[in-house]
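[1] Just a sequence and a predicted model for now, questions to come.
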Amino acid sequence: MAFESLSEKLQNVFKNLRSKGRLTEADVKAAMKEVKRALLEADVNFKVVKSFIKTVQERAVGQDVLNGLNPGQMVIKIVKEEMEALMGSTMTEIALRPGNEITIIMMAGLQGAGKTTTCAKLAGQYKKKGKRPLLVACDVYRPAAIKQLQVNGEKVGVPVFTMGDKQNPVDIAKAGVEHAQKNGNNIVILDTAGRLHIDEDMMGELVAIKQNVDVYQTVLVVDAMTGQDAVNVAKEFNDKVAIDGIIVTKLDGDTRGGAALSIRAVTGKPILYVGMGEKLEDLQQFYPDRMTSRILGMGDVLSLIEKAESAIDEEQALKMTEKMKKASFDFNDFLEQMDQMKKMGGLSSLLSMIPGMGSKLQGIDIDDSMMDKTAAIIYSMTKEERANPKIINGSRKRRIAAGAGVPIAEVNRLCKQVQNQKQMMKQMSGMLGGRGGKKGGFRLPF
């Protein structure tokens, strides 16, 4: 999970600050030394760290913080504010042309950053917002790049314009825009070629495309797992092509997350989206305040609510609300809850968004594959057993365990969990009586 190591270290620093009734200047300096070490180990740019620590220290020592009622909390507040400022303070959207004018977005980046997949995800999100996007395959060099864009475009239901791999990318871009004009597409996303490293040919091609079609936004895609290299790549692209914003991919696979904390400060360009997984909804708009809260172990309730709303449809919510009123719960409901949780990013992702949970999760290995094992047990049951847990006796449990390839103790544990959920529903049955169709039927199955 992104920032896992940094988050753990910072929370330990803050725990020490909170435990002191009074703070001296030496206490603040010692704490900032630990914060500095944690940021550098998270692969945050050295100049960025130096400036950040200097600002926080000056504010913490110079604002009568040390004589306040809760100096530890005040220092943490300053760290939070400065970290948000470091990442841009506010969420930035990709700028679109007004009305129904065509917006051309040129996507750039090195090979392997996930640019082609990101193009399709972005197009899919615009389609969900009621726009009419068109993907244009301008990468004529990488084998199967065009096919990959076509497959991903089909997944999100967005058309792909291609002229094959024998044409000049500039001509393809021009023809793609003409196609959009004729077919009523109001967003054109150009998937340009990447290279294994920055070279003059790639940069020249991007400049040529910008000179020949009216590119409104140039968006760079960088791989979070390359750390400081991602920051250097962003700086060089900005210097040579002039970018408008950045999408950081694979942030879910990088426990350090230094690129996300450095890019804005080094390039002056905003992070627009972050990629947190393979699915369409895993391309998330970047909110500096929410990301800071998660890094500092303060949770991210707004993102949790948004994930729940996108994962749970109205019909499911009503159905679960009715079941809660009747205190009715079976294995089919349990499967449905696990499916909802997977759509929302898995248990570890959800728990990290709950305020106060970050520190409690330290040292605990949350294995999301447990859900697959649980599903295997449920699928080894008959339809009658899934719908009526009461009929599952000892011999049925032995058959289910054998079918799922697990010890009988695992089946017993799952039966107990479902019974506990049912008991909790009895206690909650009066709470949702007057909420109508609100999305209130989701509970974590653990």
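    The structure has been received and is ready for your questions.

[2] going forward, measure contacts between C-alpha atoms and count neighbours the same way
    Noted.

[3] quick one: low-confidence parts of the chain?
    Within the chain, the segments meeting pLDDT under 70 span 1-2, 63-69, 254-256, 298-327, 342-369, 426-446.

[4] how much space is there between residue 277 and residue 337?
    Residue 277 is 20 Å from residue 337, where distance means CA to CA, to the nearest Å.

[5] And the two? Which one has more around it.
    Per other CA atoms under 10 Å, whichever of residue 277 and residue 337 has more neighbours is residue 337, with 20 against 16.

[6] For whichever helix or strand residue 339 is part of, buried residues please.
    When elements are assigned from DSSP states H and E, residue 339 belongs to helix 331-343. For helix 331-343, the neighbour count (16 or more other CA atoms under 10 Å) marks 331, 333, 334, 335, 337, 338, 339, 340, 341, 342, 343 as buried.

[7] how about the helices in the stretch 101-250 of the chain?
    Taking DSSP state H, counting those that start in this stretch as the test, the helices found in the stretch 101-250 of the chain are 115-128, 145-156, 169-183, 200-212, 228-241.

[8] Tell me which of those is the most buried.
    Stretch with highest mean neighbour count among these: helix 115-128 (a mean of 22; mean count of other CA atoms under 10 Å).

[9] Next up, the contacts around residue 373.
    residue 404 (CA atoms under 8 Å, 6 or more residues apart in numbering).

[10] so how far is residue 14 from it?
    Going from residue 373 to residue 14 by CA to CA gives 38 Å.

[11] And for residue 236?
    According to CA to CA, residue 236 and residue 14 sit 36 Å apart.

[12] Residue 91 falls within a helix, correct?
    No: judged by DSSP: H, G, I helix; E, B strand; the rest coil, residue 91 forms no part of a helix; its state is coil.

[13] Count the residues that sit near the closest residue to it other than its chain neighbours.
    Distances taken as CA to CA, 6 or more residues apart in numbering place residue 287 nearest to residue 91, at 4.7 Å, with adjacent residues excluded. Using other CA under 10 Å, residue 287 is surrounded by 20 other residues.

[14] backbone phi and psi for the residue nearest the centre of the chain, please?
    Nearest residue to the geometric centre of the chain (CA atoms, centre = their mean): residue 276, 3.7 Å. Backbone torsions of residue 276, given as degrees, to the nearest 10, read phi -120, psi 20.

[15] show me the contacts for it.
    Counting by CA under 8 Å, 6+ apart, residue 276 touches 249, 250, 251, 252, 253, 282, 283, 284.

[16] Closest one to residue 385 out of those, please.
    residue 282 (34.8 Å; CA to CA).

[17] Count the neighbours of that closest one for me.
    Using other CA under 10 Å, residue 282 has 20 other residues around it.

[18] these two touch, right, it and residue 275?
    Yes: Residue 282 is within contact range of residue 275, at 5.8 Å (criterion: CA atoms under 8 Å).

[19] mind listing the strands for the stretch 201-350 of the chain?
    Using DSSP state E, counting those that start in this stretch, the strands of the stretch 201-350 of the chain run over 215-223, 245-249, 271-275, 283-285.
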